[in-house]
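1. below are the sequence and a predicted model; questions follow.
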There are 2 protein chains.
Amino acid sequence: MNVEYINPFLRATLNVLKTMAFTEAIAGKPYVKKEQVAGGDVSGIIGITGETDGSLSISFSESCICYIVSNMFGETIGKLNQEVEDAVGEITNMISGDARRELAEKGMVLHGAIPTVVSGKNHSVKHMAKGPSIAIPFSTKAGHFVVEVCFNK
Amino acid sequence: MNVEYINPFLRATLNVLKTMAFTEAIAGKPYVKKEQVAGGDVSGIIGITGETDGSLSISFSESCICYIVSNMFGETIGKLNQEVEDAVGEITNMISGDARRELAEKGMVLHGAIPTVVSGKNHSVKHMAKGPSIAIPFSTKAGHFVVEVCFNK
């Protein structure tokens, strides 16, 4: 998979968290996900169609997403609830949209489906597109989260 | 949401399990999912785009999916592993394809994205499309599973 596909998702994640949730995240080095590893406690997942097909996920630990959503809402959110899940869906949608906008400027037109949000302690997400699953690790003051993208080509 | 949207997914599920996994499932009455309830131990999730947007999920308990995949492969599979996850992705894809074929015959053209597979004890799936989430419960000799669909209209 071309790195040109990855960087727009990395930048979109930083941008969305900064502008929507006033949260500074630090991106680590993207890597090819070899094994199904523990992903997080809540994940937003979105299918992507168009010039290539694939999927995007973003998985947070409970403490990390509560920190981000507390920043977003301006009030302390202590645990995962429906409001947090809705926020994860919104964040996923916005990252997908922001990244696809950048890719469209490069001539790569992709569409996003409707996100789904999965909750459950320590679940993992497996992407089924034919290409490698690329994981981008991020850190915040309240812990880590990971964005994963996988495309057919 | 129109019941015409739901029945093709119900029939596709029975059909795919019967033809691909030699498993007879019994469909219960579809209901509107009011609360985020425990879904299962492994879920296939697929985004759907086209005349309307939405998502489909199918969530199995570990014992139920091991029974189904054992039937499919003709060998006993005792626990959730990567092979089972791949099979869940395939089953999800086939149900989505089968249901969309029936809907297309009725003039409703939908596209399926690439599925993702989530693993983790007792996770739940929340659909973010604007319409109600409709759950279709199924039972097999080895326990229950649930198919959920949700569309914007």
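-> Sure thing, it's come through.
2. tell me the buried residues in stretch A:45-52?
-> Across stretch A:45-52, burial judged by 16 or more other Cβ atoms under 10 Å in any protein chain shown covers A:Ile45, A:Ile46, A:Gly47, A:Ile48, A:Thr49, A:Gly50, A:Thr52. Bear in mind the C-beta positions are built from the backbone N, C-alpha and C, glycine included.
3. that one and chain B, are they touching?
-> Yes - judged by Cβ under 8 Å from any Cβ of the partner chain, stretch A:45-52 and chain B are in contact via A:Ile45, A:Ile46, A:Gly47, A:Ile48, A:Thr49.
4. show me where chain A has helices.
-> A:3-21, A:62-73, A:82-105 (DSSP state H).
5. point out the residues in chain A that sit beside chain B.
-> A:36, A:43, A:45-49, A:53-55, A:57, A:82, A:85-86, A:89, A:93, A:111-129, A:150, A:152.
6. of all residues in chain A, which one is nearest the centre?
-> Residue closest to the mean C-alpha point of chain A, counted by Cα atoms, centre = their mean, is A:Ile58 at 2.9 Å.
7. test my guess that A:Ser57 contacts A:His127.
-> Yes - here A:Ser57 reaches A:His127: they are 7.1 Å apart, a contact under Cβ atoms under 8 Å.
8. residues shared between the contacts of the two?
-> A:Glu148, B:Thr116 (Cβ atoms under 8 Å, 6 or more residues apart in numbering or on different chains).
9. look at those two and report which has more neighbours.
-> Legend: neighbour count by other Cβ atoms under 10 Å in any protein chain shown for A:Ser57 and A:His127, higher for A:Ser57 (28 against 25).
10. measure that one to B:Gly97 for me?
-> Separation of A:Ser57 from B:Gly97 (Cβ to Cβ, to the nearest Å): 22 Å.
11. if I look at A:Lys29, how far off is chain B?
-> 23 Å (Cβ to the nearest Cβ, to the nearest Å).
12. now swap in A:Arg100 and tell me
-> Distance from A:Arg100 to chain B, by Cβ to the nearest Cβ: 13 Å.
13. and what of A:Arg11?
-> Distance from A:Arg11 to chain B, by Cβ to the nearest Cβ: 23 Å.
14. do the same with A:Phe9
-> Counting by Cβ to the nearest Cβ, the gap from A:Phe9 to chain B is 15 Å.
15. now do A:Ala25
-> 22 Å.
16. surely that residue meets A:Ser139?
-> Yes - counting by Cβ under 8 Å, A:Ala25 does reach A:Ser139; the two are 6.8 Å apart.
17. more neighbours: the two, which one.
-> Taking neighbours as other Cβ under 10 Å, A:Ala25 and A:Ser139 compare with A:Ala25 leading, 22 against 14.
18. residues contacting the more buried one?
-> Contacts of A:Ala25 (Cβ under 8 Å, 6+ apart): A:Thr13, A:Leu14, A:Leu17, A:Lys18, A:Phe138, A:Ser139, A:Thr140, A:Phe145.
19. about what we covered before: narrow the buried residues of stretch A:45-52 to those in strands?
-> A:Ile45, A:Ile46, A:Gly47, A:Ile48, A:Thr49, A:Gly50 (DSSP state E).
20. now render those residues as a markdown table, adding pLDDT.
-> Below are these laid out as a markdown table (pLDDT from 0 to 100):
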| residue | pLDDT |
| --- | --- |
| A:Ile45 | 97 |
| A:Ile46 | 97 |
| A:Gly47 | 95 |
| A:Ile48 | 93 |
| A:Thr49 | 91 |
| A:Gly50 | 90 |
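21. could you list the low-pLDDT ranges of chain A?
-> A:1-2, A:36-38 (pLDDT under 70).
22. same thing but 50
-> Nowhere does chain A drop to pLDDT under 50.
23. picking up where we left off before, OK, contacts around the residue nearest to the centre of chain A?
-> A:Thr13, A:Ser43, A:Gly44, A:Val88, A:Ile91, A:Thr92, A:Ile95, A:Phe145, A:Val146, A:Val147, A:Glu148.
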